[in-house]
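Q: sequence unavailable; structure follows:
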Ligand code: HXC
Ligand code: NAP
């Protein structure tokens, strides 16, 4: 099976302008690449303009589509409004906002300063709020319809997770925002959806969640029933569908793409996976014998 096949037809996003926060690295770059291959204009934003400028040149040469690179710290509303203005000045309209930028690191919660906790909440929750309010109000004021917001969350947005408590708290807020606005702003022609990825190797996430000294001890693939981590194109395929008009009736949804990882952790008897095949005859005999008592 080839997980890296591209799903949509070549011009599927032609005529759309898509803003991707954190679009210069990791999963954001992979989604941006595919959107451009499908004919979209894109705006990539993050704090590091040098990185964005290099990625812009690389992807324009590779795809022939247009990319605007804008430095913007999503924590700062003035910077978000300026980024939005540059996008409108360049492309006229924006059709899709993809809130992908994030900050995260593993730490016992009692080791976190108030500022450490705030930093993650500010990037993930306040950043998503800053972008959503700015773009949403503009769409309402200009009466632009057929727009949508795609938020990248995680599966621990609903399960919670130890050792990444600020991230779990913030992603839960983003999920609540997604579902709330899916209802409230549908009347303005906006859709809101989310993707909850399982483990997809990126430098940003692996450096902060699986530092080298513990990488050998925690094989992410082993947590996944399908026995592997995700391929970036698999996520890009899903994201392209969700921002496209093909998903026009999808609103308020969160789609998990994790090979079954979170359910493996949740199901009470899933640990029986460790029982070898030959033991099942014995176990069955023991259980049937109890039934006759
Ligand atoms: C404890 C820490 C810390 C650590 C930073 N801090 N790292 N505290 N343990 N490992 C504290 C600092 O001491 C400071 O608090 C506060 O956090 C802010 O730190 P700064 O370095 O000043 O912040 P900043 O420069 O804004 O950088 C933000 C960052 C950084 C989040 C700390 O890692 C970053 O830029 N990350 C962006 C990319 C990223 O995180 N990608 C991963 C996404 S993965 P004090 O009190 O000292 O001032 C993801 C995956 C989810 O989300 C699910 C996976 C399965
Ligand atoms: P990544 O490469 O570290 O991406 C994070 C991006 O956010 C970077 O481009 C970073 O760029 C940007 N960013 C950080 N702080 C910012 C700020 N204050 N303002 C603007 N941009 C900022 O990590 P990734 O793995 O691709 O993560 C992408 C998304 O997927 C995140 O939402 C993450 O939570 C989610 N996710 C990832 C995984 C996984 O396994 N990889 C699993 C579940 C969910 P700068 O540093 O240049 O600002």
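A: Sure, I can see it. All values derive from a computational prediction rather than experimental measurement. Numbering: from 1, shown residues only. Ligands and ions are numbered 1, 2, ... in the order given.
Q: what's the single longest strand in the chain?
A: Counting residues, the longest strand found in the chain (DSSP state E) is strand 190-197.
Q: continuing past that one, what's the next helix or strand?
A: Using DSSP states H and E, the helix or strand that follows strand 190-197 in sequence is helix 203-209.
Q: and the contacts of that next one?
A: Helix 203-209 is contacted from outside by 25, 26, 104, 105, 106, 164, 215, using Cβ atoms under 8 Å, 6 or more residues apart in numbering. Where C-beta positions appear, they are placed from N, C-alpha and C, glycine not excepted.
Q: how about a cut-off of 6 Å?
A: 25, 26, 104, 105, 106 (Cβ atoms under 6 Å, 6 or more residues apart in numbering).
Q: how about the first one: what's its closest non-neighbour residue?
A: Put plainly, it is residue 25. residue 204 (6.0 Å; Cβ to Cβ, 6 or more residues apart in numbering).
Q: around the one you found, count how many other residues there are.
A: When neighbours are defined as other Cβ atoms under 10 Å, residue 204 has 15 of them.
Q: and the pLDDT at it?
A: For residue 204, the model assigns a pLDDT of 97.
Q: 28 is where my numbering starts, stick with that
A: Sure, I'll start numbering at 28, so the last one becomes residue 231.
Q: picking that back up, check the contacts of helix 230-236 against ligand 2, which are close?
A: Contacts with ligand 2 within those, counted by Cβ under 6 Å from any ligand atom: 52, 53.
Q: now, among the contacts of helix 230-236, which is nearest to residue 180?
A: residue 131 (12.0 Å; Cβ to Cβ).
Q: so that closest one, which state does it fall into?
A: The three-state label for residue 131, taken from DSSP: H, G, I helix; E, B strand; the rest coil, comes out as coil.
Q: returning to that earlier point: near ligand 2 at all, the longest strand of the chain?
A: Yes: using Cβ under 6 Å from any ligand atom, strand 217-224 reaches ligand 2 at residue 224.
Q: and the contacts of that strand?
A: Here strand 217-224 has contacts from 174-182, 205, 208-209, 262, 269, 277-278, 280-284, using Cβ under 6 Å, 6+ apart.
Q: now, the residues you listed that are in helices?
A: Among these, the members falling in helices (DSSP state H) are 205, 208, 209, 262, 269.
Q: which members of the residues you listed are classed as buried?
A: 205, 208, 209, 262, 269 (16 or more other Cβ atoms under 10 Å).
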